[in-house]
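Can you look at this prediction? I've put the sequence above it.
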Amino acid sequence: MTRTVYVNGEYLPEDEAKVSIFDRAFLMADGVYEVTSVLGGKLIDFAGHAKRLERSLNELDIKKPAVFDDLLEIHRELVRVNDIEDGLVYLQITRGAPGDRDFVFPDPETTEPTVVLFTQNKPGLADSPAAKTGMKIISIEDVRWGRRDIKTVQLLYPSMGKMMAKKAGADDAWMVQDGHVTEGTSNNAYIIKGNTIITRALSNDILHGITRAAVLRFAREAQMQVEERNFTIDEAKEADEAFITSASAFVMPVIEIDGVALGDGVPGARTARLREIYLDESRKAAI
Ligand code: PDD
């Protein structure tokens, strides 16, 4: 089945979808994105993603596209026509294609934002084997720009980080700035000591994860303590458990950091419980 995608008001077969070579995202990574998961044909936390998208656009002074209020319908239509039971909807909004290359932003009166959405079919997304085996993490220096709270499409360093992890025989990398973990290449990072979850506080240094917000809320409701503070890789190596969160991984256990096994070297019970609560509650609230 050919995938149907959405580009600037049109639903098209993927091989007919086109954007300009002058698009600001192509030339300057001048665009923002969101990834929303789909479980059982329904969207997980769409409202959270839409809110963060609006914030990303505002922070970069990218005009809100006219279709902004129709995004839920577009997501649903793509899920429907592509017959997605479990998977992801990727959305990207760029500053548009002014018809030439210039560092100066184009006039928003004459250059419309580019809006692209497509689905990724991932049968059994919530039953990933990594949830049972756990992930191995390496640490790398965080050399990204200073506005990681904005979900931009500048993903070269995170992509390089994944490759560094792969080369080292690991699954992902946690990035470290001034000795403290910021986040994973495409996820937020947590450690657990006793009954306490520790994760870096929100700031411009990390993406304000939609999954993070939900998981910390559920953790507090389940009487776990939450400490939003910096932690080091050395502290992480001594932790009882560790995990990551993102819209595509949900809650995923970490069992090894820089070659050091955490706890018993298997996914922890608290992480497994958080994953279960997150998936149950998210499925219930899915739209
Ligand atoms: N990445 N931190 C970074 C750097 C991320 O790229 C992501 C998400 C997160 C988690 O955010 P959320 O819980 O809202 O998905 C944290 C997405 C999934 C991606 O790039 O594919």
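That came through fine.

Pick out the residue in the stretch 51-200 of the chain sitting closest to the ligand.
Nearest to the ligand in the stretch 51-200 of the chain, going by Cβ to the nearest ligand atom, is residue 186, at a distance of 3.9 Å. Where you see a C-beta, it was placed from the backbone N, CA and C, and this is true even at glycine.

which residues sit in contact with that residue?
155, 158, 162, 172, 246, 248 (Cβ atoms under 8 Å, 6 or more residues apart in numbering).

6 Å - rerun?
By Cβ atoms under 6 Å, 6 or more residues apart in numbering, the contact list for residue 186 reads 158, 246.

Give me the residues contacting the host helix or strand of residue 118.
Assessed by DSSP states H and E, residue 118 sits inside strand 114-121. Outside strand 114-121, the residues that touch it by Cβ under 6 Å, 6+ apart are 5-8, 19, 23, 65, 67, 74, 78, 82, 84, 87-94, 96.

Could I get the buried residue list for that strand?
114-120 (16 or more other Cβ atoms under 10 Å).

a markdown table please, covering those and showing pLDDT and distance to the ligand.
Output for the buried residues of strand 114-121, formatted as a markdown table (pLDDT from 0 to 100; distance: Cβ to the nearest ligand atom, whole Å):
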| residue | pLDDT | distance to the ligand |
| --- | --- | --- |
| 114 | 98 | 18 |
| 115 | 98 | 18 |
| 116 | 98 | 15 |
| 117 | 98 | 14 |
| 118 | 98 | 13 |
| 119 | 98 | 14 |
| 120 | 98 | 10 |
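
Just the CA atoms of the strand holding residue 118, as PDB, please.
These are the backbone C-alpha positions of strand 114-121, laid out as PDB (Å, rounded to 0.1, in the frame of the first residue of the first chain):
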ATOM      1  CA  THR A 114       5.500  24.600   4.800                       C
ATOM      2  CA  VAL A 115       3.300  22.000   6.500                       C
ATOM      3  CA  VAL A 116       4.200  18.300   6.100                       C
ATOM      4  CA  LEU A 117       2.800  15.300   7.900                       C
ATOM      5  CA  PHE A 118       3.400  11.600   7.400                       C
ATOM      6  CA  THR A 119       2.700   8.400   9.200                       C
ATOM      7  CA  GLN A 120       5.100   5.600  10.200                       C
ATOM      8  CA  ASN A 121       3.600   2.200  10.600                       C
END
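
how about the residues of the protein near the ligand?
35, 183, 186-188, 207, 209-212, 245-248 (Cβ under 6 Å from any ligand atom).

Go through the residues you listed and flag which are in helices.
When DSSP state H is applied, those are split such that 210-212 fall in helices.

Now that we have the residues you listed, which of them are buried?
By 16+ other Cβ under 10 Å, those give 210-212 as buried.

Show me the contacts of strand 114-121 that map onto helices.
Using DSSP H, the contacts of strand 114-121 in helices are 74, 78.

Buried among the contacts of strand 114-121? Make that a PyMOL selection.
In PyMOL, a selection of the buried entries from the contacts of strand 114-121 looks like this (16+ other Cβ under 10 Å):
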select buried, resi 5+6+7+8+19+23+65+67+74+78+82+84+87+88+89+90+91+92+93+94+96
